[in-house]
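Colleague: quick one, fold the following:
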Amino acid sequence: MAAASTAEGSPPGHGQRNITVLNHLGIAGMIASRQNLRGPKERDDLEQETRIGGIRGCERFDPQRGVKSLTFLSTAANGQMLYFRRDRTAQSRFPGGCGTLTSKVRSAATPVPSWRDTLVVC
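Modeller: This is a model prediction of the structure:
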């Protein structure tokens with residue numbers, strides 16, 4: 001059954017990669033569902049990006065390093081999806097100190113009452 005799911009003209013090693021990716025498609029759905037709660041992107045796009053990450057992770061996986069394949073593939077898929085979000089999401093963020101700086105400027109811009117304003121002339 002595994003040989004029937006691979007293409008005849010695919011390069012050597014791609015058959016096993018394809019089988020591994022097909023066996024771990026559930027991870028892509030799980031990661032996409034988790035990330036779908038974080039922003040306004042379509043779930044289909046997120047799932048497709050996690051699948052691409054899983055394919056790339058499967059190509060880079062080395063069992064000699066002592067890491068489980070599931071751990072490596074899920075990390076690669078999540079990383080690919082985060083790259084997708086970073087590259088295609090328009091954001092305008094200000095550095096963290098700008099909020100406090102703005103409040104300091106606003107408080108300094110308000111007129112400070114002087115002693116002449118409080119002087120009562122009889």
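Colleague: quick one, helices of the protein?
Modeller: Using DSSP state H, the helices of the chain run over 14-23, 25-36, 43-60, 69-88, 98-109.
Colleague: mean neighbour count, those helices: which tops it?
Modeller: Counting by mean count of other Cβ atoms under 10 Å, helix 43-60 has the highest mean neighbour count of these, with a mean of 19. Placement of C-beta: from N, CA and C, glycine included.
Colleague: from Thr71, how far out is Arg65?
Modeller: Distance, Arg65 to Thr71, by Cβ to Cβ, to the nearest Å: 11 Å.
Colleague: tell me the confidence at the nearest residue to Pro63 once chain neighbours are set aside?
Modeller: Leaving aside its chain neighbours, Pro63 sits nearest to Ser69 (7.2 Å; criterion: Cβ to Cβ, 6 or more residues apart in numbering). Here the pLDDT value assigned to Ser69 is 81.
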